[in-house]
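In: coords below, sequence missing:
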């Protein structure tokens, strides 16, 4: 029971991370496509500035919870996906410092350098997180000793790539919507148009991914046993359609929340399909890492549950407060003086 | 090189680099919080400018600290998967608690502090930096509880082929954790004090912004003085605890070979590891090692020869690092005491100011040396007495680690260079003009 609770908390944590960091990863990739002047580029940074670091802590927490609640999974997943994870980490390093470094030197070449770090540092995590999770859905070549029998190239398969493109598009739409909310004038119009334009490829890839999941994964086994669970992918699809409808009505906040629901829906679709496996083995289902063979002791799970139930609501409360504090749009007058880095 | 050596090098490089930035965040956040509180209480604009000036350095420093911290958490899984699997039940939960309790608070409120100058009341704004200071120090506490457990595992039971948590309270309240915590925090505050004094000295030597930097200097001097003196005592108690629970580490720290009562301390010695003795010893202080380690000149101190060779830590590195740390620790106490007598005539003490400017790197050296004592001195164990480092490494290809290690060296090298350049640039630029000349008002 405790194991099952943590399994779903684990899934929810990843979903929250994708939902939150998704918008600033997406907006980071969109920088060169949406911002046409130095001022506009600064506004894009400003639209993410107060939030991105708090968002990224959800990744640390998701990683930490994997470690704490499912140490064996953490060990196999992180060592197995070694090179992919290292790429993500280096990307996040360069991306993270670009926020603090960019405005420290007033030289166009310097700013371009950190813009490149932001763009690349947002693009690769968005893509690779998708590739990694799709491969987890599909199963990794884990042998009986829990050793990953593949390389970086093992992850490059049609289904994995589809997952990567799906995450990328999800985040791009998500980030464009965020910029449509947080900016005004031509920048906002471009961001809004971009979200509308990217929605169609997103729909296509999402549909493809869903059908590919039928063939390439065993995710649907759970859904066949409990058809009521199909509500989750159905809600994800409904949320995706709502994104479109809200974009057409110019209701950016609603479109963004619908986009949140889509991202969470896609993640939970996979997580529910995996249950009770955290890391299916593609060599032999018996080698899969499951709740039964990879959880921590009940005592640890209980203590962690107490910590999570006490502190995560507090974290959510103050992060929501930050969103209210900085609820207005990024404006030019914020860029000078005491408004930022 | 095999995957073990590569992984050790990579973890060492990543930790040493990370810890170039952590201590300044720990101390500077507290110092800035004090500055801003003085501003809120007295309305003295100069303290607000001080908080903003040192805050800019904090932000650059913090950014590098954060991004290099993430890789550390993930490396337990990528490079030390057998360790993660074996002790994750206990160790993983400490890391997860650190993230939940501290990282969120730290990252969220630093952003609010940076972007919120005009949006929050001065009181609330000052509260934000206090929360950052609290959170960064809290994160230090949790990660050091985790480290203390690797030094001295308690509260666990071996079950299901791994170490499982048995007594959470025993883990989070073990005295050694608080020794390590205090030792580290004191060190961080010394480092911060010397950093702020050194940068202030730079400007005072140039006779620019003199009141601004005299105030900064004195504030930092107070911090560095208290904790330099405190560290001398704390360091002694810390070492006594090491002597009790990690005798092999103590013997390596002292390059002490033969078990004996009334163990002497030598002012100077050169270890000769191959022949299990010291090449030369000089300045013999009879019974002093016994006294320092066990509070009695008669006490017996275990020598390295009493441990099988495969259980001994690398002696030379541990010994030299320990000497460097202790020597610098005394120097810090001396310099800050001198500073105390010169505190009201700083501008007429150019020699002292010059010394303090060039002393900026010394606490960095001391703190890194301290970590080398702690971590190298724990070898060959990853968890003292419970798991050997060699048994902890991931079953991955050495080529993968070689590539990532090369990437770490290149990326961190560049990152370190850029961070150094930016911090130096900001430090040299000096504070913003006083509000009479500045445009924006107070929110």
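Out: Great, that's in hand. Remember, it's a predicted structure, so these values are computed and weren't measured experimentally.

In: CA atoms for contacts and neighbours, from now on please.
Out: Noted.

In: can you give me the strands for the stretch 201-350 of chain B?
Out: Taking DSSP state E, counting those that start in this stretch as the test, the strands found in the stretch 201-350 of chain B are B:260-261, B:265-272, B:277-285, B:300-301.

In: Would you tell me which one of those strands is buried the most?
Out: strand B:300-301 (a mean of 22; mean count of other Cα atoms under 10 Å in any protein chain shown).

In: Please list the outside residues in contact with that one.
Out: By Cα atoms under 8 Å, 6 or more residues apart in numbering or on different chains, the residues outside strand B:300-301 that reach it are B:259, B:260, B:261, B:262, B:263, B:289, B:290, B:293.

In: Also stretch B:199-213?
Out: Here stretch B:199-213 makes contact (Cα under 8 Å, 6+ apart) with B:46, B:50, B:214, B:216-217, B:346-347, B:350, B:353-354, B:356-357, B:427-428, B:430-431.

In: Just the buried residues of these.
Out: By neighbour count, with 16 or more other Cα atoms under 10 Å in any protein chain shown, the contacts of stretch B:199-213 hold B:46, B:50, B:214, B:216-217, B:346-347, B:353, B:356-357, B:427, B:430-431 as buried.

In: Can you tell me which of those residues lies closest to chain A?
Out: Nearest to chain A among those is residue B:427, at 12.1 Å by Cα to the nearest Cα.

In: I'd like to know which of the contacts of strand B:300-301 are buried.
Out: B:261, B:262, B:263, B:289, B:290, B:293.

In: how many other residues sit next to residue A:158?
Out: 15 (other Cα atoms under 10 Å in any protein chain shown).

In: didn't residue A:311 look like it was pressed against residue B:99?
Out: No. Counting by Cα atoms under 8 Å, residue A:311 does not reach residue B:99; the two are 10.5 Å apart.

In: between those two, who's got more neighbours?
Out: residue B:99 (25 against 15).

In: What distance do you get for the more buried one to residue A:302?
Out: Relative to residue A:302, residue B:99 is positioned 17 Å away (Cα to Cα, to the nearest Å).

In: and what of residue A:309?
Out: Counting by Cα to Cα - residue A:309 and residue A:302 are separated by 10 Å.

In: Those two: which is more packed in?
Out: Comparing residue A:309 with residue A:302 by other Cα under 10 Å, the one with more neighbours is residue A:302, at 16 against 11.

In: Residue B:93 reaches residue A:306, doesn't it?
Out: No. Shown here, residue B:93 and residue A:306 do not form a contact pair, counting by Cα under 8 Å, at 11.8 Å.

In: Mind checking which of the two has more residues around it?
Out: Neighbours per residue (other Cα under 10 Å) separate residue B:93 from residue A:306, with residue B:93 holding more: 27 against 11.

In: quick one, strands of the stretch 201-341 of chain A?
Out: For the stretch 201-341 of chain A, the strands defined by DSSP E, counting those that start in this stretch cover A:277-279, A:289-290.

In: Any idea which of those gets closest to chain B?
Out: Short answer: strand A:289-290, nearest of those by Cα to the nearest Cα, at 12.3 Å.

In: pLDDT of that closest one, averaged?
Out: Mean per-residue pLDDT for strand A:289-290: 94.

In: and if you look at stretch A:250-261?
Out: Taken as a whole, stretch A:250-261 carries a mean pLDDT of 96.

In: Just the closest of the buried ones among the contacts of strand B:300-301 to chain A, please.
Out: The nearest member of the buried ones among the contacts of strand B:300-301 to chain A, counting by Cα to the nearest Cα, is residue B:293 at 35.9 Å.

In: so what's the closest one up against?
Out: B:239, B:240, B:243, B:301.

In: How about residue B:83?
Out: With Cα under 8 Å, 6+ apart, residue B:83 has these contacts: B:76, B:391, B:392, B:393.

In: farthest-separated two in the residues you listed?
Out: Maximum pairwise distance in the contacts of residue B:83, criterion Cα to Cα, is 13.3 Å, between B:76 and B:391.

In: Looking at the two, which is more packed in?
Out: residue B:76 (25 against 14).

In: Quick check: which ranges of chain A have low pLDDT?
Out: Residues of chain A meeting the criterion pLDDT under 70: A:337-341.
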